[in-house]
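Visitor: Fold the following.
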Amino acid sequence: MKHFAILLAVSPDNGTLPLRALDTIKTALTKGFAVFCFLYEDGVHLANQTRDVPQGERDLSDTLATLACDPNCDIVACITAAERRGVHESNLVDNVRVGGLGEWTERLQSADCVVQFR
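Guide: Below you'll find the predicted structure:
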């Protein structure tokens, strides 16, 4: 199985870029890739299940949670970025866990494809 590594460092409020990132994850999973997604900087807000989403806007954390249920998808929120932004581990959507930059660098070593959304 080929491995896809994605660095997602954009806020859920950053236009269509976070949606394109989630679509990329979904497509990679559909094509048989194992996906490792590292939520970094403002990207950690995507995993915050207590985030206040304006009425009429799509809650991207629901999409992220659905993707995280796939056994070939590992989604990790940077613990330092999350703490700096007030996103607590207890508020993360299901199947998203915290980790450090060291894990991201390790996963880069085995990735067949790397994409970043900034």
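
Visitor: got the residue ranges for the strands in this structure?
Guide: Secondary structure of the chain by DSSP state E: the strands cover 3-8, 34-39, 73-78, 96-99, 113-117.

Visitor: what mean pLDDT would you report for the last one?
Guide: Summarised as a single mean, pLDDT over strand 113-117 is 97.

Visitor: next one: the third one
Guide: Confidence over strand 73-78, taken as the mean pLDDT, stands at 98.

Visitor: Outside of that strand itself, which residues are in contact with it?
Guide: The contact list for strand 73-78 (CB atoms under 8 Å, 6 or more residues apart in numbering) reads 25, 29, 34-41, 43-44, 47, 64, 67-68, 87, 92, 95-101, 103-104. The C-beta positions use only the backbone N, C-alpha and C, and glycine is treated the same way.

Visitor: can you tell me which of the strands of the chain comes nearest to residue 14?
Guide: strand 113-117 (8.9 Å; CB to CB).

Visitor: The closest one packs against which elements?
Guide: With contacts taken as 3 or more CB pairs under 8 Å, 6 or more residues apart in numbering; DSSP states H and E, strand 113-117 sits against strand 3-8, helix 17-30.

Visitor: CA atoms of that strand as CSV?
Guide: C-alpha atoms of strand 113-117 as CSV (Å, rounded to 0.1, in the frame of the first residue of the first chain):
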residue,chain,number,x,y,z
CYS,A,113,3.5,11.4,-1.8
VAL,A,114,3.6,14.5,0.4
VAL,A,115,1.1,17.4,0.0
GLN,A,116,0.8,20.5,2.2
PHE,A,117,-2.1,22.9,2.5
